[in-house]
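Chemist: the sequence and its predicted three-dimensional model are supplied below.
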Amino acid sequence: MRLMSRKRHRHRRQIRDVYERKCSPCQQDDTSPCGEGIRLGPYLPEDIWRHIHALMPLRDAARAACASHTFLRSWRCRPNLTFRGETLGLNGRRHVIKREEMARDLIRKVDHILKNHSGVGMKKLELYLYTCRKINSCYLDRWLHTAVTAGIEELVMSLSYDSEEAYDFPCSLLFNGSQNSIRYLRLSYCAFRPTTELGCCRSLTTLFLSHVWIADQELEWLLSNSTALEKLRLLSCTEIVCLKIPCLLQRLSFLSVAACRKLQVIESNAPNISTFHFTGNLVRISLGGALQVKDAEMYCMHESNMIRYARTKLLSWAPNVETLSIASNNEIISTPMLPGKFVHLKYLRFTLYEDEAISPACDYLSLVPFLEASPWLETFIFQVIRRSMKHESIIGDSSHLRQLPEHRHDKLKSVSIGGFSSAKSLVELTCHIVENASALECLLLDTTRGSFSPDGCSVDKPGQCARMGRKFLVEACRARLAIRTHIEGIIPSRVKLDVVEPCRRCHDVEHRDSIGV
């Protein structure tokens, strides 16, 4: 009996030893200063602890690596590395030390971490080096080599806008070393010069170039060899004159081009672009057979007559658009009545700048033909950003409001007008919509600079409203009087009317008495 008892005891001990060997090394290799074992948590496999460690913020992960051999091993093969002043604890010192000193600290810490990385398991590297005006290119080359050798999938590198010397990105390293792994590439403030001698980037799905020096032919070659590309964003790439997108990019669905000041032509043969965003001076646009465009934005703040352009030109390359946003300087020429229609358009937003957003020569009623050409429109947002109102006011005008021939807008449910004024033609446009939109549910008239824009009134933060001069405040009161006199009385009971006025906490409105409001 005693022998059998010893055998059972030995068997249980063997089972316990095997179990402990399989359990997390966090229980085994971590020691306190006294050399005694400490228990950091439940028994878990090491890969679970590594996953937990990978989810920690960078600084916390570094501290954990100092306390645990398991976390130290995890630290040396951390998959996601994001380096910026905040993540390394340097931003709190920016008021104490000079920019150059903070940049040196940032470079030193990044270099130390990447030198000690094993090169195994790295999936994402983000380098935000805004403060580093002076950085030796050998550091960047070494960091990129570590990332590419590890089979990186996502790479972000944002350098300083005022670097003393432009960094020449090592394209050969990127394309020859990670051609089957890199999926996301974002570069800022560097030169990017791919050549025909380099390999393909078959896995690249997202490309974002911001303030990057790249010529037309270089970009065209890059795109031709990135057949998996799905998203392309170009911001302030000043060398690009003609952007050509080949038909090989069958998966490209998102195209955004902004502030490329030398750009003259966008010529795309990619057939499946569904989202197209453009910001800058108007250029010649040809999207070929891309009839799949559903979301289009055209922000041309220094151009006039963009609403007319959308009615006459945009319809030819985006006939199936469902969401359309247009921003421009002003409208001088009336929008014509044309046979073509936006038969799929459901969301329409116009933003106009300057005092004469709509020229008195064509007035606000000239927008009706666009609404008429959008029979399925459900949401209409019209934002006027102005300093003063120069149109004929309806206040004191005894003439009747103009009425257009009946144009039904039976699908229109929501209308918002920002920068609403007492301009007679704007009141006429509003009345026209109310009387001809049988499905209308909500009407928002904002007499401020726009409550649905970043520079509008703040209803929950007193003292943080946009500044408004006395003339603007007087006009806001006149607009409120126009709404009360001409619009409120024709609002059906089913329609919710919201009127936004300058808040009394931030603006002096005692001048209302002077105009009898």
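Modeler: The structure has been received and is ready for your questions. Residues are numbered from 1 along each chain as shown.

Chemist: residues near residue 307, how many?
Modeler: The local packing of residue 307 (other C-beta atoms under 10 Å) involves 25 other residues. No exception for glycine: its C-beta is placed from N, CA and C like everyone else's.

Chemist: for residue 113, same thing?
Modeler: For residue 113, using other C-beta under 10 Å, the count is 18.

Chemist: now it, what's its secondary structure?
Modeler: helix (DSSP: H, G, I helix; E, B strand; the rest coil).

Chemist: heads up, I number from 52, so please use that
Modeler: Noted, 52 is the first residue going forward, which turns the last one into residue 164.

Chemist: what's the separation between it and residue 212?
Modeler: Relative to residue 212, residue 164 is positioned 25 Å away (criterion: C-beta to C-beta, to the nearest Å).

Chemist: go on, residue 174?
Modeler: Spatial separation of residue 174 from residue 212 under the definition C-beta to C-beta is 28 Å.

Chemist: likewise for residue 362?
Modeler: Relative to residue 212, residue 362 is positioned 38 Å away (C-beta to C-beta).

Chemist: on that earlier part again, which of residue 174 and residue 212 has more neighbours?
Modeler: More crowded of residue 174 and residue 212, by other C-beta under 10 Å: residue 174, with 17 against 11.

Chemist: give me the number of residues near the residue lying closest to the more buried one once chain neighbours are set aside?
Modeler: Among residues not flanking residue 174 along the chain, residue 130 sits closest, at 4.4 Å (C-beta to C-beta, 6 or more residues apart in numbering). Using other C-beta under 10 Å, residue 130 is surrounded by 17 other residues.

Chemist: got the phi and psi for residue 130?
Modeler: phi -80, psi -30 (degrees, to the nearest 10).

Chemist: and it, what does it touch?
Modeler: Residues in contact with residue 130, defined by C-beta atoms under 8 Å, 6 or more residues apart in numbering, are 105, 172, 173, 174, 175.

Chemist: likewise for residue 440?
Modeler: 406, 472, 473, 474, 526.

Chemist: need the worst-confidence member of those.
Modeler: pLDDT across those is lowest for residue 406, at 58.

Chemist: can you tell me what sits against stretch 189-198?
Modeler: 158, 161-162, 165, 168, 170, 173, 176, 178, 206, 208, 218, 221, 224-225, 228.

Chemist: specify the local secondary structure of residue 417.
Modeler: The three-state label given to residue 417 by three-state DSSP is helix.

Chemist: quick check: residue 269 touching residue 245?
Modeler: Yes: contact criterion C-beta atoms under 8 Å: residue 269 and residue 245 qualify, at 5.5 Å.

Chemist: more crowded one of those two?
Modeler: Each of residue 269 and residue 245 has its neighbours counted (other C-beta under 10 Å); residue 245 has more, 22 against 19.

Chemist: so the more buried one sits in a helix?
Modeler: No: following the definition three-state DSSP, residue 245 is coil and is not counted among the residues of a helix.

Chemist: could I get the contacting residues of it?
Modeler: Residues in contact with residue 245, defined by C-beta under 8 Å, 6+ apart, are 222, 226, 265, 269, 272, 273.

Chemist: surely the second one is within a helix?
Modeler: In this case it means residue 226. Yes: counting by three-state DSSP, residue 226 falls inside a helix.

Chemist: pretty sure it contacts residue 254?
Modeler: No: here residue 226 lies out of contact with residue 254, judged by C-beta under 8 Å, at a distance of 11.1 Å.

Chemist: who has more neighbours out of these two?
Modeler: Neighbours were tallied for residue 226 and for residue 254 using other C-beta under 10 Å; the higher tally belongs to residue 226 (23 against 17).

Chemist: against residue 472, how distant is residue 520?
Modeler: For residue 520 relative to residue 472 (C-beta to C-beta), the value is 14 Å.

Chemist: what do you get for residue 542?
Modeler: The span separating residue 542 from residue 472 equals 19 Å under the rule C-beta to C-beta.

Chemist: neighbour count: those two, which is higher?
Modeler: Neighbour tally, residue 542 and residue 472, criterion other C-beta under 10 Å: the higher count belongs to residue 472, 25 against 14.
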